[in-house]
Every structure is written in structure tokens, then in C-alpha cells.
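>>> A structural model of the following input is requested.
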Amino acid sequence: MLTPMLYALALSHWIEEDSRRMSERLALLGDSDLRQARAPKVEAANVALHSARALIGEKTTRFLVRLTSAALVVAIAVPAAAQNIHYALPEPGEYQCLVPSTMPGMKYNVLTQKAELSSNLSLAPSALGTLVLESGGRYRLTPRGEQGTYSARSDGTIIFGGPLGAAQFTSAYSAKNGTFEIRIGYRSSPSDAGITNYCSRRSAAAQMTIDGPPNPGLPGRMVFAREGRVYEVLVERGSVAPLADGTMPYAAPNGELAYMNAAGQIAVVTPDGRTGALFAAEVTNNGLSGAFNWNAPVRREYLALAPDGSAIAYAAWDAVKNYRVVVRARSGREIVSLPGYTAPNFAPDGRLIVVGYPKEGGPSGVYISGADFRGLRRLDPNLDTPDCPAVSPDGRRVAFVQGGKLWVVNVDGSDARSLPATSATLPNAAVNGWPAWSPDGRWIAVTANLDGASYNGMEILIISADGDAAKLQWLADHHLEYIHTSGDRLTWR
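Below you'll find the model as predicted:
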């Protein structure tokens, strides 16, 4: 093993000639960046170098300390690549194919036990019928009678030949929780926009393995809702755990959780699991009549808790819409109501962020309030339909969605720009959900259609807050193939 003295002698000539030039390059990182890198490993390295100062000299010590710190800054700034996920190959057999079906009109909300005016997304039989995978890499469609070949790989990709190969625009498969699912983006004709088919088969063989943590370097926990349940994901490990039965969750920085429970109430749960507040369902009487009870509770969505937990905000609308943002104290007292606005959120300093809703008489744009939740000021550069604002942990920037893209703007309204959400490996991603900042402010998570196809299982896309497209990654998890947060908020704490 080289002693510090031998190490210094080996480097001395190089240091004398190049230390000044190297130090100038390293200085580009800035002292603030180096201060942020004072992690335990950096401190340990610096202590070891300073202890050898008598042997290697003051100049060499300073140079190596700066070199060590800078190298670790660079290493910290670039996340480790996501680990490989290996799926069991789809087994031969019959796969029943379904497609999403949207039916406008009334639906019965099982959580509020009331009829609601809405669009009910469900699954219906696909025109593909049943996909039958046969041994030897062949498939057939019944009752259509068409046949072809297929090839599946353990990374979740699948390639079809024959009639499916000519008409598909994307395909993939997964093997989780005892279900093989094959997703086929299929066009019935060249002019058809196409729709995604979900062909599934139950089997104990449907499993997956991951080489180590699936999301190395990504901190914290994400909270979201899917099919009437609230879940929490330990981001780096990708492990998923249910938190409650409900919808519209919001995980506050203080550890509290707000969500809509099965009785149509807004529940606020403290970090120790106690229900800290419970807001009863609101009612409206708009004078309408008909087959359904139009005096049903007002629909509430987009819940948000103030950073200190003193207030809760939400968007509300009734059978004739009447969108508004309501802010209430924990006692239930209404603090403010803002007609024509929706999608509330809070900044770390407690100010309110909202979006105008022009269809209901509000202005377009993203707005920030004063300390009393009034005096709204526009932040975006006069965009058409900005939505879903989220404030960075340091309170300096606001992320929002506009036209299938992720935007960020400073809280003073300056430097508005869109961040790249596509890359060579994710060329067709379309942002369509609520963004969430990572606890360290370096990343923004957002739900997205990764292949650009409508209704094709929105998954979570991780975008670098500095706009580096090379850092784009898909959030891998152990249990849920799709994270669909329609109407719900994604939060990261």
C-alpha cells in the first residue's frame, strides 16, 4: 500500500505543473457547490488528508482536499443508472384483451355513495378478441383467426410479426403479482389513431426480479392514489405499501396526510396515525331536479395542506360546475373562497398557488397569493392552459403542466421554460399529470404516457430539475405496473 509520502512524491511533478490549471477548472463548481458536498464521506476523506499534512505538505494537502471534494460533487450530481428489471417471459396460453372505454354521463361514486356527473373510465372487450400464445414463438387471435410470430425478452419488450406487427405502434409486457399483461398499441387502419389493448392472463409464474434498488439515488417517499386506495412508495427501493382507502391524497412536508375517505369526508392524518381533522361533506342546493339527487355533496379534489398544517385548501365544484378554490382552517372555518380558480397548492412560506379556470369565469394562468391568500399575481408568461402547479422545496420555483409539457418558472415570474420530457430511450413521453418535487429539489416527478398513446397506463417519469434530458428515467416499482392518478395529486416528501 502506498504511504501518503510515496503518494505525494508520485504526484509532485504533475501537481507542480498542473495544479494551478486544475484548480481553476475545479473553481467553476463554486464554493456553494462544495459546501453542499460536505457529506460524511467527504469529511472522512478531508480528515485523512489533513492528518497527512506534515508528510505531504500544505500545498499538496489543499489541492487534494479540493480535488476530493470536487470529484464527490460531480459524483453526487449524476444519479446512478436505474437497475435492470427482469420479467418472467409470458407463458403460452390465452390472454383476454380489453380496451379502455369512456362513457360520459352519470356514475355512482362508491366512496361518496352519490351519483356524480362525470366520465367513467372502464374496460371493454377488445376487437382483438383473445390473444393465444403458442409454443415455438407463434400466436393467433381468436375468433379472428389471424396468426403470426412473436419474440419476448426479459427486459419487458415483445416484438410481433404478422398482422399485429403490421398494425401495432407499440408493444410491451410485464409480469407482476401473478399476472402476465401484454400491452399492444393497435391501429385498425393506417388512418386510425390507435388505442392500447391490455391482454392479460393470471399465472403464478408471472414474477419479476430487480438487480438491486430500482431507483438508486432518488430520495424520499411518493404518495398517490389508484383505484380507491392511497399508496406510499419508498422511492429508491421501489417498495409500495397501502396507507388508506380513499382518493385525492396529499402528503405534507410536516408528515401529515390528507385524503378523501370512503364517507366523502376530507381526513387529515397525523404522522403517528391519528386523525387530526375531519371535514364533513359539503352540500349545495342549485334548484335542479331529475332522476338523481342534485343536492348531493359538492365534489372536492386537489387537496393541499399548508406547510404548518394550519389550513387545508381544495378545489370544489357542484352539478353545474361552479369551480372555486376554498381554504379552511383546521377548525373548519372558511378563510377564503376564490371563484373561477382550481388546482390549489401551497408554497413553503404558506402562500397559496392556484390556476385560473377560464371556462368558469376565471382568468387563465398560474397565480400566487399574498400571505392572506388574496392579492393573486400571475407567474406564467401568458400561456393558454397551464395547470397543476407545484412549488419547489426551497420556494424559489413553480413547476406546472402546459400542453403535454413540464414547465418551471421562478416565483417572481422570471425564467419560464419547458423542461425536456423525452429522450432517446423515452422518445414519445407525454406529460399529463401533477408534478411533484423531490425533497432535495433536484428532481421533478410527473405522471406521463411513456409511449404517447391515450390511456396507455400513466407511469411516473423522473425529470431533472436542471433540464438535463440525459437524466430522464422511469420510476420502477416492485408491485404496480401503472400509477394512474386521474384527478389526484402526486406528492413526494
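
>>> pull the contacting residues for residue 317.
Residues counted as contacts of residue 317 (C-beta atoms under 8 Å, 6 or more residues apart in numbering) are 298, 299, 323, 324, 360. Using the backbone N, CA and C atoms, a C-beta is placed for each residue, glycine as well.

>>> out of the residues you listed, who has the most neighbours?
Of these, residue 299 is surrounded by the most neighbours, 24 neighbours in total, counting by other C-beta atoms under 10 Å.

>>> report the beta-bridge partners for that one.
Residue 299 has these beta-bridge partners by DSSP bridges: residue 317.

>>> same check on the one 5 residues further on?
Taking DSSP bridges, one obtains residue 313 as the residues bridged to residue 304.

>>> before we move on, back to that, would CSV of the contacts of residue 317 with distance to residue 241 and pLDDT be doable?
Converted to CSV, these look like this (distance: C-beta to C-beta, whole Å; pLDDT from 0 to 100):
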residue, distance to residue 241, pLDDT
298, 31, 65
299, 28, 72
323, 34, 82
324, 34, 89
360, 38, 70
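
>>> got those residues as JSON lines, with distance to residue 135 columns?
JSON lines is the format used below for the contacts of residue 317 (distance: C-beta to C-beta, whole Å):
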{"residue": "298", "distance to residue 135": "57"}
{"residue": "299", "distance to residue 135": "51"}
{"residue": "323", "distance to residue 135": "56"}
{"residue": "324", "distance to residue 135": "60"}
{"residue": "360", "distance to residue 135": "58"}
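
>>> from those, pick the one nearest residue 172.
Of all the contacts of residue 317, residue 299 has the smallest distance to residue 172: 34.7 Å, by C-beta to C-beta.

>>> number of residues surrounding residue 159?
Neighbour tally, residue 159, other C-beta under 10 Å: 13.

>>> tally of neighbours for the closest residue to it other than its chain neighbours?
Residue nearest to residue 159 in three dimensions, not counting chain neighbours: residue 151, with 4.8 Å by C-beta to C-beta, 6 or more residues apart in numbering. By the criterion of other C-beta under 10 Å, residue 151 has 11 neighbours.

>>> which pLDDT value goes with residue 151?
Residue 151 carries a pLDDT value of 95.

>>> again with the one 3 residues further on
You'll see residue 154 listed with a pLDDT of 84.

>>> cool, and the one 10 residues further on?
Model confidence at residue 164, expressed as pLDDT, equals 92.

>>> need the contact list for the closest residue to it other than its chain neighbours.
Nearest residue to residue 164, sequence neighbours excluded (C-beta to C-beta, 6+ apart): residue 148, at 5.9 Å. Residue 148 is in contact with 138, 139, 140, 160, 161, 162, 163, 164, 165, counting by C-beta under 8 Å, 6+ apart.

>>> in helices only, show me these.
Counting by DSSP state H, the part of the contacts of residue 148 found in helices is 162, 163, 164, 165.

>>> and which of these is nearest residue 340?
Out of the ones in helices among the contacts of residue 148, the member with the shortest distance to residue 340 (by C-beta to C-beta) is residue 164, at 47.9 Å.

>>> how much space between the closest one and residue 226?
29 Å (C-beta to C-beta, to the nearest Å).

>>> same check on residue 316?
Counting by C-beta to C-beta - residue 316 and residue 226 are separated by 23 Å.

>>> equivalent analysis for residue 259, please.
13 Å.

>>> tell me the contacts of residue 307?
Shown in contact with residue 307 (C-beta under 8 Å, 6+ apart): 252, 253, 254, 346, 348, 349, 350.
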